[in-house]
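Chemist: Here is the input, now give the coordinates:
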Amino acid sequence: MAAIHDLLAQIQDEALRDRIEQEVNRLTKTKKFGLVFEQHLPECTPLYGIPIKAGVKVMIEDSKADKSLYIVLSVEDKHVTCAKKDNPIEQITVDLKDVVRVAEFGEPIYPYLEPVDEVTNAPDSKLWHTLIEADNYHALQLLEYLYAGKVDCIYIDPPYNTGSKDWKYNNDYVDGSDSYRHSKWLSMMEKRLRIAKKLLNPNDSVLIVTIDEKEYLHLGCLLEDIFSDASIQMVSSVINAGGSVRTGAFSRTDEYLFFVRLGNAHVLPLPLGTEWRGGKQKSTGPVLWRSMLRGGEASNRVDRPNMFYPVLVKEGTNDVVGVGDSLKISEDKNSYVAQDGCIPVWPLKKDGSEGRWRIGVESARSNVEKGYIKANTLKGRITISYLAAGVVDTIENGGITTSGKGTELEFNVIEEHRIIPGTAWQIPSHDASKNGTAMLKGILKDRSFPFPKSVYAVYDAIRFFVDDKPHALIVDFFAGSGTTLHAVNLLNAVDGGERRCIIVTNNEVSESEAKELRKKRLQPGDDQWEQYGIARYITWPRTVCSIKGQDITGKPLSGNYSINDMPMTDGFKTNVAFFKLGFLDKTAVALGFQFKEMLPTLWMKAGAYGKCPSLSGDGLPEMLILEENKFAVLIDENCFAEFERAIRDTSGIETVYLVTDYEVNYRSMSRSLGGVKTFQLYRDYLDNFRINQGRD
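Modeler: Residues are numbered from 1 along each chain as shown. Below you'll find the predicted structure:
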């Protein structure tokens, strides 16, 4: 219908145009049943930074009136002469800076990953997450080549199509005045969900999609159509208890989550607090006190000197009466003089070495005042226990009643056991204002992002399906501010897992920012423009800062994560590679001229183990044996005998790429290697994207 109205607008005869419009409008009002939308609305992706030359497709940059596709006829003196794709007779000449090269869905593309940046906070770990800056449709095409049928969980928070220009279609914002916005949204979602289905493990995986009241009915029908063989359930989750005002209507407090379960995927019973049971208490029992002595990684005094301080216990009792100041790393604990009648208890490990407490001085003093810290004496040794932040929150929210303090503190609490909750979630930690917007502001300061999710809301949603999968592969192709990767890092920190996360986001700037940048005569593709895009201005800085445990200015993050009481300033022991999706020339690939550009793609296909390798210089080696990355590449097939010996002598190689034009040679070499996955280059790559063009 959108195409019909564009054609109608070109009719010069006003009376004829009005008459045809009346008939078209009458037909569109005909009663239809089920999910009906424009399945073939055109959608193009702008390819900023890709050269414009004769024969390629372009659009007029930021034109509100003209969204036609043009074919470039010539480029001369910074001017481009083009002809309309659907009307070659109609030609125009415009400035080169005013056109952008585009890719239509359905035409073959040959993607590659251009390294942008990386953060390394666990140099000895082989676990690397990935952030990809790209239009997510083309990124999904690449991910299908890399991980078809291998993804355990996809979590996405797509644009809600609120009518407030929260997403783009054909390089233009879709607003509430667009009569085709619902149809465009469904068309956009359908293309992406069909590829997403191919990524998921058909035997055991889950797709999680969040949405609000604007599109939940349409989305539900679309999911039923695409995932007809899956089990689908919808959950209502309160994300703003105060409510968002709707004029003349009920205020909105919740949103919805669709859980699409494939194969044997099922909800895992988890140890959950009273808030998951509607506040109802099952039984009375002792609360879980935790040792205040930090264990595991980063548990020594030198790791966090400010968390080495004395807890003061009244002599001859187990009464905690105060907390002393932390000592500088150069100060000896034996020089500390406690107040009369008090014994200083230090964070010492069983072997006598100096450790550190789990919480800082001020938090400890607050807990002592409330009676949430106690001392225990066993065989002459005094140890300190405390109540974790999650228990304290439950007490202060009324979920646990208490009496007394410290060793005399008594509780009325539920007995912890694993449960599967209902479909109505009212969880305080899922508050998007406190644990989404406020948390992001604490990290990025004056940089803003609209409506980020609570990190705990994402954490809980995915945990119900990957708690028992410590090596799960999790994908989010509407990454936004990067909450999903943040949540996966938190989950790994809690249980020691090595789940890998791939997130994808474009690098769009907001409409208001775009106006300001154009005033400065900047345009998409310029470095100064791109630095304010979502990927580079929000997603990547949030990722780096949360991992390093510092804000955008370099100062330590304040506060603790409520899940495990881990200080945010501890960060996460993990690594992330940041790439931008680009496109290769298929002829250059076939001739082996773009192997260096393809190397990150080969790294990801082999499992993304270790730091992504790179090559410098003009020439190529005869072979690459990358033990850290668990893959190898034979570039010159004449060296196969030497390559085979190297593979045999190297432990841990799981994937091998063989560069050869001949199928018979590839099969012979593959058989000789045995026991490893092999792929023929460059045929495997080129055939995948040529054969699968325009696929559903």
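Chemist: so who does Pro452 touch?
Modeler: Shown in contact with Pro452 (C-beta atoms under 8 Å, 6 or more residues apart in numbering): 432, 436-437, 439-440, 480-481, 483. C-beta here means a position set from N, CA and C on the backbone, and glycine is covered the same way.
Chemist: can you list those in JSON lines and add neighbour count?
Modeler: Shown next, in JSON lines, are the contacts of Pro452 (neighbours: other C-beta atoms under 10 Å):
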{"residue": "Ala432", "neighbour count": "20"}
{"residue": "Gly436", "neighbour count": "24"}
{"residue": "Thr437", "neighbour count": "19"}
{"residue": "Met439", "neighbour count": "25"}
{"residue": "Leu440", "neighbour count": "24"}
{"residue": "Gly480", "neighbour count": "22"}
{"residue": "Ser481", "neighbour count": "29"}
{"residue": "Thr483", "neighbour count": "30"}
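Chemist: Name the nearest of the residues you listed relative to Val466.
Modeler: Distance to Val466 across the contacts of Pro452 (C-beta to C-beta) is lowest for Thr483, with 15.8 Å.
Chemist: and that closest one, how far is that from Leu140?
Modeler: In this view, Thr483 and Leu140 are 19 Å apart by C-beta to C-beta, to the nearest Å.
Chemist: Also Pro111?
Modeler: Pro111 is 10 Å from Leu140, by C-beta to C-beta.
Chemist: Quick check: beta-bridge partners of Ile208?
Modeler: Beta-bridge partners recorded for Ile208 (DSSP bridges): Tyr155, Phe259.
Chemist: I'd assumed Phe258 was in contact with it.
Modeler: Yes - counting by C-beta atoms under 8 Å, Ile208 does reach Phe258; the two are 7.2 Å apart.
Chemist: The closest residue to Ile92 other than its chain neighbours: what secondary structure?
Modeler: Leaving aside its chain neighbours, Ile92 sits nearest to Cys82 (5.8 Å; criterion: C-beta to C-beta, 6 or more residues apart in numbering). With DSSP: H, G, I helix; E, B strand; the rest coil as the basis, Cys82 sits in strand.
Chemist: got the contact list for Cys82?
Modeler: Counting by C-beta under 8 Å, 6+ apart, Cys82 has contacts 58, 70-73, 91-94, 99.
Chemist: Selection in ChimeraX covering whichever of the residues you listed are buried, please.
Modeler: Selecting only the buried entries of the contacts of Cys82 in ChimeraX, with 16 or more other C-beta atoms under 10 Å as the criterion:
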select :58,70,72,94,99
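Chemist: Nearest to Val509 among the contacts of Cys82?
Modeler: Val99 (19.2 Å).
Chemist: what's the nearest residue to that closest one if we skip its chain neighbours?
Modeler: Val58 (4.3 Å).
Chemist: In three-state terms, how would that neighbour be classified?
Modeler: strand.
Chemist: my read: it touches Leu96, true?
Modeler: No - applying C-beta under 8 Å as the test, Val58 and Leu96 come out as separate, 9.8 Å apart.
Chemist: which residues do those two both contact?
Modeler: Common neighbours of Val58 and Leu96, counting by C-beta under 8 Å, 6+ apart, are 52, 80.
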